[in-house]
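K.L.:
coords please:
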Amino acid sequence: MNIDLVDETNEIKNDQLKLINEVLEFTAQQESVEEEAEVSVTFVKDEDIRQINRDYRDKDYATDVISFALEEQGEGELEVVGDDLPIHLGDIIISIDRAKEQAHEYGHSLDREFAFLAVHGFLHLLGFDHDSEEDEKKMFEKQETILQKFGLKRYET
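P.N.:
Reported below is the predicted structural model:
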């Protein structure tokens with residue numbers, strides 16, 4: 001899978017970028033995602049994700065992660081077809097400010113929180129959601145299983 005990692009904050013360490021790349025590759029394997037698939041992950045500050053959340057979701061607050069699935073066809077949109085086109089799953093945007101706060105709040109490492117948010121966003125791109133209690137339970141169990149199999153325990157500091 002082709003993963004484009006963009007750090008707009010200049011605060012993410014190389015080993016953290018490597019971890020995100022590895023956990024997303026692992027998740028893609030677990031979910032049988034095609035090897036040609038593409039995804040981008042962008043790290044931003046709270047003010048940037050707040051603006052994105054406001055502009056695209058009509059929610060005027062900073063959130064931890066937002067995903068934009070590109071393979072979903074919206075109402076009135078034309079389907080783009082072609083055998084030679086790679087599958088672009090979409091974009092994941094992660095707030096490093098929220099990630100730092102949540103890592104502290106949950107008592108685990110920032111690396112683990114980044115991995116959690118990346119997997120969470122990636123599962124959204126694959127069609128998982130948490131709009132209902134049942135869907136939320138299913139999605140959170142799946143992401144926790146993936147992180148455990150990958151070797152990132154919940155309360156590691």
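K.L.:
quick check: closest non-adjacent residue to residue 25.
P.N.:
In this structure, residue 25 finds its nearest non-sequential neighbour in residue 1, 6.0 Å apart by Cβ to Cβ, 6 or more residues apart in numbering. In short, each C-beta sits where N, CA and C put it, glycine included.
K.L.:
that should have said residue 59, apologies.
P.N.:
Using Cβ to Cβ, 6+ apart, the nearest residue to residue 59 is residue 53, at 4.9 Å.
K.L.:
remind me which helix or strand that neighbour belongs to.
P.N.:
If you go by DSSP states H and E, residue 53 is part of helix 46-57.
K.L.:
ditto for residue 28
P.N.:
Going by DSSP H and E, residue 28 is part of helix 14-30.
K.L.:
list the contacts for the one residue sitting closest to the centre of the chain?
P.N.:
Nearest to the geometric centre of the chain sits residue 121, at 2.6 Å (Cα atoms, centre = their mean). Contact analysis of residue 121 by Cβ atoms under 8 Å, 6 or more residues apart in numbering lists 41, 65-67, 92-94.
K.L.:
make a markdown table from the residues you listed and add neighbour count, pLDDT and secondary structure to it.
P.N.:
Output for the contacts of residue 121, formatted as a markdown table (neighbours: other Cβ atoms under 10 Å; pLDDT from 0 to 100; DSSP: H, G, I helix; E, B strand; the rest coil):
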| residue | neighbour count | pLDDT | secondary structure |
| --- | --- | --- | --- |
| 41 | 25 | 98 | strand |
| 65 | 21 | 97 | strand |
| 66 | 20 | 97 | strand |
| 67 | 21 | 96 | strand |
| 92 | 27 | 98 | strand |
| 93 | 24 | 98 | strand |
| 94 | 27 | 98 | strand |
